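J.: structure, please.
(2 chains)
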2 protein chains.
Amino acid sequence: MPPDPFMVLALDEARAAAARGEVPVGAVLVGPSGTVLARAGNRVEELSDPTAHAEILAIRAACAAAGAPRLPDSVLYVTLEPCAMCAQAIAHARVKRLVFGAWDPKGGGVDHGARVFEQTTTHHRPEIVGGIAAADCAALLEEFFRARR
Amino acid sequence: MPPDPFMVLALDEARAAAARGEVPVGAVLVGPSGTVLARAGNRVEELSDPTAHAEILAIRAACAAAGAPRLPDSVLYVTLEPCAMCAQAIAHARVKRLVFGAWDPKGGGVDHGARVFEQTTTHHRPEIVGGIAAADCAALLEEFFRARR
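T.: The predicted structure follows:
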């Protein structure tokens, strides 16, 4: 199976984040016709912003461009299982479908930890596909943290 | 007992949010010496930003001013139990103490739903005090939603 082109873009964003000294996670938001609405990588250190995860930056950019705080027909590609902050932001933005790469047993909030979308109180649950290009996504993270230890 | 002065400021931010047509939630971040580092109210509609909750805006502003993505000695006052997005952002920012007003059984992520800080995977759990000026905080929200129905 050829690699998903949007996950390839997300991986590019993750690599660019690593080159900036950021945890290598990348995200791409895609509109209903397949248009890339926004793409981003982590910028927590650069911006001194603990919320500047790739997903949050992509959602904020796409919403600002759309002039609306919701993106009901969008698909979010991200190289790592989102944390609880990003998962809840995905719910707030009403993202239709979430496609992620590697699972994150320590920091993830979708299939681990807070399991945001599995709560009975959740007001939105996207379609969720995990494990896309997971080996490539995880390898980037492993390489990054290995080099820092 | 006199009202907590920082919660009074947070309530002022919540009222200002209501006047802008936003869900009335306000937040104040306080440094170790009692200095107000940032104060904010919801701006989701104004900014077309689903992440522009009062807590996120206050954390981002205080971190930007500090030039660091963490605020390890800060206290966050917020008029409503944070959602999972804001709770995880509070963990990312290493906020020392969280003081909130009204509980939010539907949207809260601290004592309800995702219960972000109760997960075994959480990397930070602030001291948490809920129910401060809860009646005033809840009354603002009830009034806002009653007027819109």
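J.: which residue, other than its chain neighbours, is closest to residue A:30?
T.: Leaving aside its chain neighbours, residue A:30 sits nearest to residue A:75 (4.6 Å; criterion: Cβ to Cβ, 6 or more residues apart in numbering or on different chains). Using the backbone N, CA and C atoms, a C-beta is placed for each residue, glycine as well.
J.: ok, now which ones touch that neighbour?
T.: A:6, A:29-30, A:95-99 (Cβ atoms under 8 Å, 6 or more residues apart in numbering or on different chains).
J.: who wins for most neighbours among the residues you listed?
T.: residue A:29 (28 neighbours; other Cβ atoms under 10 Å in any protein chain shown).
J.: the host helix or strand of that one - contacts with which helices or strands?
T.: Residue A:29 is part of strand A:26-30 when elements are defined by DSSP states H and E. For strand A:26-30, the packing partners by 3 or more Cβ pairs under 8 Å, 6 or more residues apart in numbering or on different chains; DSSP states H and E come out as helix A:5-19, strand A:36-41, helix A:54-66, strand A:75-80.
J.: mind exporting the helix or strand of chain A with the lowest mean pLDDT as CSV, just the C-alpha atoms?
T.: Least confident helix or strand of chain A, by mean pLDDT, DSSP states H and E, is helix A:134-148 with a mean of 94. Provided in CSV are the C-alpha atoms of helix A:134-148 (Å, rounded to 0.1, in the frame of the first residue of the first chain):
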residue,chain,number,x,y,z
ALA,A,134,3.2,4.2,12.7
ALA,A,135,6.7,2.9,12.3
ASP,A,136,8.0,6.0,10.6
CYS,A,137,6.2,8.3,13.0
ALA,A,138,7.6,6.4,16.0
ALA,A,139,11.1,6.2,14.6
LEU,A,140,11.3,10.0,14.3
LEU,A,141,10.4,10.3,18.0
GLU,A,142,12.8,7.5,19.1
GLU,A,143,15.7,9.1,17.2
PHE,A,144,14.9,12.5,18.7
PHE,A,145,14.9,11.3,22.3
ARG,A,146,17.9,9.0,21.8
ALA,A,147,20.0,11.9,20.6
ARG,A,148,19.1,13.9,23.7
